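In: The amino acid sequence is not available; the structure is as follows:
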C-alpha cells in the first residue's frame, strides 16, 4: 500500500486563505495564538502549537467502530488536554462528551459496551469508565496512589493496573502516607546508595512501578483490595517514567500476565537486559521466560488462541540501535525460535494479526516508518505501507486502521482497504487552510566510506523559481533516531520552510532504517563518520539545488544534534552564519557520568577513564579554541538526559572568547520543551536568531 502524496498534502491544500505576518516583523499576539500561516504562506509556530494531535486508534471488538485520542492545547492553562473520539460505523468522527476533564489511554471494554480511560479529573490519575456512546463517565478506581497504565482482563471482570509504590509497603495506604510524610518533612535531605538517581526529569523517590490486579463488580467498578502481582520484585513495569501498557500483556484466558522488567539489583543501572516474566493472576512468584538472553526482551504478545507468545529479543547487551529479532515460542517461553533472524530492520510495536497467521510491526526503512506484516510460520516480511510514518495501528477481523502522518500532514486515522489507504479523519483542516507545506525531497549521496547516505531537502514556503533562499541544516538527535517522513511537534522542518528557509536534513551513519551495519558504524565514531556525512550531504544538497544560498545558512541541532553543532563549531564552522544548540553536549566524559542512563557509555566502548583518548578526540570542549561563529544555546533545568551543566559549559566557553552568544533557559522543561507557551517562545528564539544572522549576502 502506497501512501499517496495527495493524502499527505490534502489537509493543507483544502482552500486558499490569507497569510499571516512575516516572521519577525510583528510581535506575537499577547492575547493568544494567531492561527494563520506566515507571510510566505507556510506553517507558523502558533499553528503548530494549537493543532489537534491524533493518536492511538483502537477498533471495537466487533471491528465496526474506531476509538482514538485527540490532544488539544489549552492555551490559557499552558497544557495539553486529551479527548476520546469515535468513528462510527457510518464513517462519522465525533468527540465523546465524557472527555470533558481530560483523558488518556482510552480502551474498549471486552464486550464493546463501555470505554475505560485514565483521567486526573478527580485530583489524581485514576481509571474511569464511560458508556459506549461517551455520554457519561464514572470513576472506576479510587486508589490512594496514581494509576499510570492499565489493561482489562478478557472477561471484563478485573483490571491489571500499574501503580508506583514503595515495594516494602504492605498496602497502598502505606505508600500514600510515606509520600505525605516526605512532603511534610522540614529537612529536604535525601540519601541514595544506588543508581539511577534521576530518571529522565525527576529524582528517584524509591518507588517501584508494580502491576496490581483489581476485581470489578457487575457495574464495571473496582471492588475489593488491589493485589500486587509483583510483590517482592525489585523492578519496574512499566519502566519509569516513560513506559506504557505495551510492557505487560494478559493471556487470552485471563489466567496469566507476562511483563518485562529488570531485576539486577545494584547492577540494574549498568545493563539494558530486560527479561520477560510470567505470573499467575492468582499470584505467586514470577517466572523468568527469557533468562538465557543477556539482551533486552520486550513487547510480549499472546497469539489470539493463547497457545503462542511472540516478543522482541535484542541480540546484544547495551548496544543502542540494536535491531531486535521477532521471537515466537510457547507461552512458557519454551521452544522459542527466531522468526526474523535475517531481517535487517529494527521492528517495534509488535502485535498478532487477529487470525493468528501473521504478526504486524513497525520499522524505519529508508527514511520512512512503515508497517510490516510477518508470516507467523515462514517469517516472510512484506511492507504494508510505503511512504510516511505509521505511528500506531490496530486490526480486527481483517480490518486494518492506522495513525499515519508525513512531512506534509499531521497524523490522521486511515483505513487500509485492499492495499489502498482511505482517510477517515480531517483533523486540522481548518487550521491548515492556505498553508504551503513543501514536499520533502529525498536524495542520496556517497558519504563515509563511499556508502550511500539518504537525506531530505525542502524548498521554502512560497518558493519562486529562480530565487535563492537562506537555509538551515537540521541535525537529528539520538544519535540513533532517524529523520522519517513524519510530522514532528518538536523539530518540524515546516516551521523553517514557513519562515522562508530551505531545509537540509541528513540521515547520517548511525541512523536506523538502513541496516544494522549502518547503525552500528557510529559506535566509537560519534565525532567523525556522522560529521563526514553531514559535510558531504550539505555539499550534495547545494550542488543539486541552486535555490539554496549556502552563504546564508545556519546549523541547528538538539541532543546529539546539539553535540554535533558544538563539534561543528570547532571542526567545520566555515559555511555557517550561526549555530543553534538545544540540550547539546559540551563535555562527553562528564555527560556519560552524570546523565540518567548509566549504560550510554557503551557508545564509546566503555567509561571515560578507560577510553580517555577517544573521549577527548570526540568531545566538543577539546576544540573550543577554534570556535568563532555566533551560537544560540537553549536548555531546560529538568533535563537529566543531558544535564543543563552541558549547556552552561557551552555558553561559558562562548562568552569567555567574546563570541556572540545567547543562552535561553527553560526552568520547567526536561529534554523536550512540552508546554505550549514555552514551546512557542522557545521556537521564536530560534527563528529570530536564525533570521537575524541570515540576512542578505555580504557584498563581494
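Out: It's in. None of these values were measured; they are calculated from a predicted model.

In: Quick check: which ranges of the protein have low pLDDT?
Out: Residue ranges of the chain with pLDDT under 70: 1-31, 697-700.

In: ok, 90 please
Out: Of all residues in the chain, those with pLDDT under 90 make up the ranges 1-35, 419, 695-700.

In: Where do the helices of it begin and end?
Out: 5-10, 45-49, 172-184, 493-498, 516-520, 529-544, 560-571, 588-594, 612-617, 645-656, 676-693 (DSSP state H).

In: Turn those helices into CSV, including distance to residue 443 and mean neighbour count.
Out: Where you see a C-beta, it was placed from the backbone N, CA and C, and this is true even at glycine. What follows is the helices of the chain, written out as CSV (distance: least, C-beta to C-beta, whole Å; neighbours: other C-beta atoms under 10 Å):
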stretch, distance to residue 443, mean neighbour count
helix 5-10, 17, 17
helix 45-49, 25, 23
helix 172-184, 54, 14
helix 493-498, 14, 27
helix 516-520, 17, 19
helix 529-544, 7, 20
helix 560-571, 20, 26
helix 588-594, 31, 20
helix 612-617, 30, 15
helix 645-656, 31, 20
helix 676-693, 23, 19
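
In: Now tabulate those in JSON lines and tack on distance to residue 322.
Out: Shown next, in JSON lines, are those (distance: least, C-beta to C-beta, whole Å):
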{"stretch": "helix 5-10", "distance to residue 322": "31"}
{"stretch": "helix 45-49", "distance to residue 322": "33"}
{"stretch": "helix 172-184", "distance to residue 322": "35"}
{"stretch": "helix 493-498", "distance to residue 322": "28"}
{"stretch": "helix 516-520", "distance to residue 322": "8"}
{"stretch": "helix 529-544", "distance to residue 322": "18"}
{"stretch": "helix 560-571", "distance to residue 322": "17"}
{"stretch": "helix 588-594", "distance to residue 322": "19"}
{"stretch": "helix 612-617", "distance to residue 322": "21"}
{"stretch": "helix 645-656", "distance to residue 322": "26"}
{"stretch": "helix 676-693", "distance to residue 322": "32"}
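
In: So for residue 434, which of these sits nearest?
Out: Of all those, helix 45-49 sits nearest to residue 434, with 10.6 Å by C-beta to C-beta.

In: related to what we said a few turns ago, can you tell me which of the helices of the chain comes nearest to residue 460?
Out: Among these, the nearest to residue 460 by C-beta to C-beta is helix 493-498 (5.1 Å).

In: if we can go back for a sec, closest one to residue 401 among the helices of the chain?
Out: Among the helices of the chain, the nearest to residue 401 by C-beta to C-beta is helix 5-10 (14.2 Å).

In: which one of the helices of the chain lies closest to residue 59?
Out: helix 5-10 (20.4 Å).

In: Any idea how far the longest strand along the chain is from the middle of the chain?
Out: Counting by DSSP state E, the longest strand found in the chain is strand 548-558. Between the centre of strand 548-558 and the centre of its chain there are 26 Å (C-alpha atoms, centre = their mean, to the nearest Å).

In: That strand pairs with which strands, parallel or anti?
Out: If you go by DSSP bridges, strand 548-558 pairs up with strand 469-475 (parallel), strand 578-582 (parallel).

In: quick one, which of the helices of the chain is nearest to residue 472?
Out: Once the helices of the chain are compared by C-beta to C-beta, helix 493-498 is nearest, at 5.1 Å.

In: Now stretch 545-554: buried residues?
Out: 545, 547-550, 552-554 (16 or more other C-beta atoms under 10 Å).

In: Just give the number of residues close to the nearest residue to residue 224 once chain neighbours are set aside.
Out: Spatially, and ignoring its direct neighbours in sequence, residue 224 is nearest to residue 215 (4.7 Å; C-beta to C-beta, 6 or more residues apart in numbering). Residue neighbour count, defined by other C-beta atoms under 10 Å, stands at 14 for residue 215.

In: what's near enough to touch residue 215?
Out: By C-beta atoms under 8 Å, 6 or more residues apart in numbering, the residues touching residue 215 are 157-158, 222-224.

In: ok, the residues you listed vs residue 398, which is closest?
Out: residue 157 (28.5 Å).

In: these two touch, right, that closest one and residue 213?
Out: No. In this structure residue 157 lies outside contact range of residue 213 using C-beta atoms under 8 Å: 10.3 Å.

In: Tell me which of those two has more neighbours.
Out: Neighbours were counted for residue 157 and for residue 213 using other C-beta under 10 Å; residue 213 has more, 21 against 14.

In: Quick check, that one in contact with residue 230.
Out: No. With contact defined as C-beta under 8 Å, residue 213 does not count as touching residue 230 (10.6 Å).

In: how about the nearest residue to residue 241, chain neighbours excluded?
Out: That would be residue 200: by C-beta to C-beta, 6+ apart, it lies 5.3 Å from residue 241.

In: Please read the previous query as pertaining to residue 46.
Out: Here the nearest residue to residue 46 in space, its sequence neighbours aside, is residue 33; by C-beta to C-beta, 6+ apart that works out to 3.7 Å.
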